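J.: sequence and predicted structure, then a few things I'm wondering about:
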Amino acid sequence: MQPKERTYKIEEAFLSPYACRSVSTKGRRREETPCSMRTDFQRDRDRIIYSKSFRRLKNKTQVFFSPDGDHYITRLTHTFDVSQIARSIARALSLNEDLAEAIALGHDLGHTPCGHVGERVLNALCPAGFHHNEQSLRVVDVLEKDGRGLNLTYEVRDGILNHTSAGKPQTLEGVAVSLADRIAYINHDIEDAIRGGFLREEDLPAGPIAVLGRDTSERINTAITDIGKSSEGKNTLTMSEEKGRASAELRAFMFENVYVRANKVMQDRAERMLTAMYDYFVKNTEKMPPLYRGVAEREGAGRAVCDYISSMTDRYAIGVFEDLFVPKNFSMNGRD
């Protein structure tokens, strides 16, 4: 028996009736020869991990734009956090861990440089708007592998597109990733905010902290355990009223006291940098790499420039900006 068939039998025997079984996938946009060893969801996970967009996540910061220090959360560490939490939820409820992991690893592939600020700036600049979940799907469908895309399964693509709070994933594994994303970014953003001097431990709201826990590990464990207990045997994932209310209060506190403040500090810098690059490349599409020049020819300059800028890491964006707009040397005698 091949490993894939063995996995199918294990899933049939042990997964919840509400789980998405690998054998039941709706398939890929383009038909291809299946792998004899791996299920389609396992194959999707591997494709995402080996993609260029995934590797670039290590140099895209989560909240703070290109901060000093080695311990700030990056998009890559956030992605691993989301994957771990989603898999823990899936395991607790006998859902498909492979599917949850693949969605989690791909959910932020389309995020911009400059943290959350970058997304808002590009949304204002791009003719059709910009949302990182839609861009993440575009990355795996259109931009990866030199324009061929990764050709992922329907279920992974759906989970990537619908991982935001406004989305409605069609699998419980996708819902698990959406919940895991919120659990991860709120709790680890607290660490970054304290590290960056935007927040002190004693500033955290007493009520939610008393319910959820004093430190990151305790709060994450509380959330996973509560989702497991509240969702067992149900065709839905949810938190208890008490834990859900406390989580919402903590999230509201972070938006008011951290995200808004941090964004004010970074907004002007990021907006000037990204706007200048956007305007330059819209007028000079030939200066972009071949992949994005091709997009410009097919879909227009605005779409191509959004694709290019959103693909940049923080430090690459800074480097491009400096190459374009910051003089390298000033000569007092008129020589180069």
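T.: The structure has been received and is ready for your questions.
J.: pick out the residue nearest the middle of the chain.
T.: Among the residues of the chain, D108 comes closest to the average C-alpha position under Cα atoms, centre = their mean, at 1.9 Å.
J.: show me the contacts for it.
T.: 57, 75, 78-79, 82, 132, 136 (Cβ atoms under 8 Å, 6 or more residues apart in numbering). Quick note: C-beta positions are derived from backbone N, CA and C, even for glycine.
J.: and if we set it to 10 Å?
T.: By Cβ atoms under 10 Å, 6 or more residues apart in numbering, the residues touching D108 are 53-54, 57, 60, 62, 75-76, 78-79, 82, 132-133, 135-136, 139, 160, 163, 181, 185.
J.: just the buried residues from these, in ChimeraX please.
T.: Remark: buried members of the contacts of D108, expressed as a ChimeraX selection using 16 or more other Cβ atoms under 10 Å:
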select :53,54,57,60,62,75,76,78,79,82,132,133,135,136,139,160,163,181,185
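J.: low-confidence ranges, the protein, go.
T.: Along the chain, the parts satisfying pLDDT under 70 run over 64-71, 262-263, 265, 329-336.
J.: all strands for the protein, in order.
T.: Ranges of strands in the chain, per DSSP state E: none exist.
J.: give the buried residues for stretch 100-115.
T.: Using 16+ other Cβ under 10 Å as the test for burial, stretch 100-115 gives 100-115.
J.: likewise for stretch 11-21?
T.: Buried-residue list, stretch 11-21, by 16+ other Cβ under 10 Å: 11, 15-16, 18-21.
J.: which single one of those is nearest to G300?
T.: The shortest approach to G300 among those belongs to C20, at 36.5 Å (Cβ to Cβ).
J.: is that closest one in contact with S94, as I believe?
T.: No: the pair C20 / S94 is not scored as a contact, 11.6 Å apart, by Cβ atoms under 10 Å.
J.: pull up the overlap in contacts between these two.
T.: Counting by Cβ under 10 Å, 6+ apart, the common neighbours of C20 and S94 are E11.
J.: list the contacts for Y259?
T.: Counting by Cβ under 10 Å, 6+ apart, Y259 touches 63, 115-117, 189, 193, 198, 251.
J.: then R157?
T.: 26, 28-29, 44, 102-103, 106, 136-137, 140-141, 150-151, 174.
J.: the nearest residue to E134 once chain neighbours are set aside: neighbour count?
T.: With Cβ to Cβ, 6 or more residues apart in numbering as the criterion, E134 has its nearest non-adjacent residue at 6.8 Å, and that residue is L161. Burial of L161 is recorded as 21 neighbouring residues (other Cβ atoms under 10 Å).
J.: I'd like the distance between R303 and M266.
T.: According to Cβ to Cβ, to the nearest Å, R303 and M266 sit 25 Å apart.
J.: ah, wrong one, I meant S136
T.: 22 Å.
J.: dihedrals phi and psi, the nearest residue to K234 once chain neighbours are set aside?
T.: Using Cβ to Cβ, 6+ apart and skipping residues adjacent in sequence, the residue nearest K234 is Y18, 7.6 Å away. Note on Y18: backbone dihedrals following degrees, to the nearest 10 are phi -90, psi 0.
J.: so which of the contacts of R157 wins on neighbours?
T.: Counting by other Cβ under 10 Å, top hit in the contacts of R157: I103 with 36 neighbours.
J.: just checking, it touches G167?
T.: No: using Cβ under 10 Å, I103 is not in contact with G167; the gap is 11.3 Å.
J.: report the set of residues contacting both of the two.
T.: 158-161, 174-175, 178.
J.: give me the subset of the residues you listed lying in helices.
T.: 158-161, 174-175, 178 (DSSP state H).
J.: count of residues packed around the nearest residue to E286 once chain neighbours are set aside?
T.: Spatially, and ignoring its direct neighbours in sequence, E286 is nearest to R293 (6.6 Å; Cβ to Cβ, 6+ apart). Neighbourhood size, R293 [other Cβ under 10 Å]: 16.
J.: again, but for H131
T.: Using other Cβ under 10 Å: H131 sits among 17 other residues.
J.: ok, now R269?
T.: Neighbour tally, R269, other Cβ under 10 Å: 14.
J.: tell me if I'm right that it and V117 touch.
T.: Yes: if you go by Cβ under 10 Å, R269 and V117 touch, sitting 8.6 Å apart.
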